[in-house]
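Everything below, folded, please.
(chains A and B)
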Amino acid sequence: DGGITQSPKYLFRKEGQNVTLSCEQNLNHDAMYWYRQDPGQGLRLIYYSQIVNDFQKGDIAEGYSVSREKKESFPLTVTSAQKNPTAFYLCASSIAAYGANVLTFGAGSRLTVL
Amino acid sequence: GNSVTQMEGPVTLSEEAFLTINCTYTATGYPSLFWYVQYPGEGLQLLLKATKADDKGSNKGFEATYRKETTSFHLEKGSVQVSDSAVYFCALTNTGFQKLVFGTGTRLLVSP
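Sure, this is the predicted structure:
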């Protein structure tokens, strides 16, 4: 079945360390997204990519970086510059980044900073 | 700018009760409206959507009608089940780049 796979499901990080969250999709979708979810705040867009080798900052990109070298993959790196990285991270994809297309979400990765 | 406001939760109901979760929005132009559901420990999945005024989205017994005059997209279900316990997110996307704007989510707890 087609879908989005995020890994790891749980991740613990010491302060000052960079960590990378994996996101892979086999839906042949052009657009991919990273959202951050915090209790009581809904979802906030970190980065998005409309096509391979292209990505754009979302609303809260500071302290994060991404790459889109392959259509199927959109990894997110949480750098030591992110002041409050403990959160639930959700990757999503859609056929295209324009129009009322439905987003398909992965199961999420929960990052905890010790 | 675009924004979505949802009622605060949690909403606590007994099985077979009627459910309403309120959602209002602010947007320019003609947004598309969505309800996503998140079950415990999982990502979000689309529940229903409506792309123009007066459209009704429906799925799994849930319904929501796009009301432009009241800028609302309230979620309803006639008889909830324990398995409906989840967090429900109202969202919109506007013309141009599909940046989904989410509400803060409403947790629904259904007891037997």
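
Is residue 46 within a helix or a strand, and which one?
With no chain named, the answer covers chain A. Assessed by DSSP states H and E, A:Ile46 sits inside strand A:43-51.

oops, chain B please
strand B:44-50.

which residues sit against the helix or strand containing B:Val110?
Secondary structure from DSSP H and E places B:Val110 in strand B:106-111. Under the criterion C-beta atoms under 8 Å, 6 or more residues apart in numbering or on different chains, residues B:6-15, B:17, B:19, B:21, B:80-89 lie in contact with strand B:106-111. From N, CA and C alone the C-beta is placed, and that goes for glycine too.

Same question for stretch A:7-24.
With C-beta under 8 Å, 6+ apart as the criterion, stretch A:7-24 contacts A:4-6, A:32, A:34, A:72-80, A:85, A:89, A:91, A:106-114.

need the residues of chain B near chain A, please.
Applying C-beta under 8 Å from any C-beta of the partner chain, we find that chain B lies next to chain A at B:4, B:32, B:34, B:36, B:41-46, B:49, B:51, B:89, B:93, B:96-100, B:102-105.

filter the residues you listed to the buried ones?
Neighbour counting by 16 or more other C-beta atoms under 10 Å in any protein chain shown classes B:4, B:32, B:34, B:36, B:43-44, B:46, B:49, B:89, B:93, B:98, B:100, B:102-105 among the residues of chain B next to chain A as buried.

which of those has the weakest pLDDT?
Within these, the minimum per-residue pLDDT falls on B:Gln98 (63).

need the contact list for A:Gln6.
Applying C-beta under 8 Å, 6+ apart, we find A:Gln6 in contact with A:21-23, A:89-91, A:106-109, B:43.

Okay, and the beta partners of it?
A:Cys23 (DSSP bridges).

Same check on A:Ala31?
As for beta bridges, A:Ala31 partners with A:Ser94 under DSSP bridges.

OK, contacts around it?
By C-beta under 8 Å, 6+ apart, the residues touching A:Ala31 are A:48-51, A:93-97, A:101, B:98.

Figure out the helix or strand that B:Phe89 lives in.
Assigned by DSSP H and E, B:Phe89 belongs to strand B:86-93.

Can you tell me the strand partners of the helix or strand just after that strand and which way each runs?
Following strand B:86-93 in sequence order, the next helix or strand is strand B:101-102 (DSSP H and E). Strand pairing for strand B:101-102, determined by DSSP bridges: strand B:86-93 (antiparallel).

hmm, who's touching the strand it pairs with?
Defining contact as C-beta under 8 Å, 6+ apart, one finds that strand B:86-93 is touched by A:42-43, A:100, B:2, B:4, B:6, B:9, B:21, B:23, B:25, B:27, B:31-40, B:44, B:47, B:73, B:75, B:99-103, B:105-108.

Same check on stretch A:44-57?
Identification of contacts with stretch A:44-57 by C-beta under 8 Å, 6+ apart yields A:30-38, A:58-61, A:64, A:66-71, A:74, A:76, A:89, A:96-97, B:99-100.

one more time with 7 Å
Here stretch A:44-57 makes contact (C-beta atoms under 7 Å, 6 or more residues apart in numbering or on different chains) with A:30-36, A:58-61, A:64, A:66, A:68-71, A:74, A:76, A:97, B:99.
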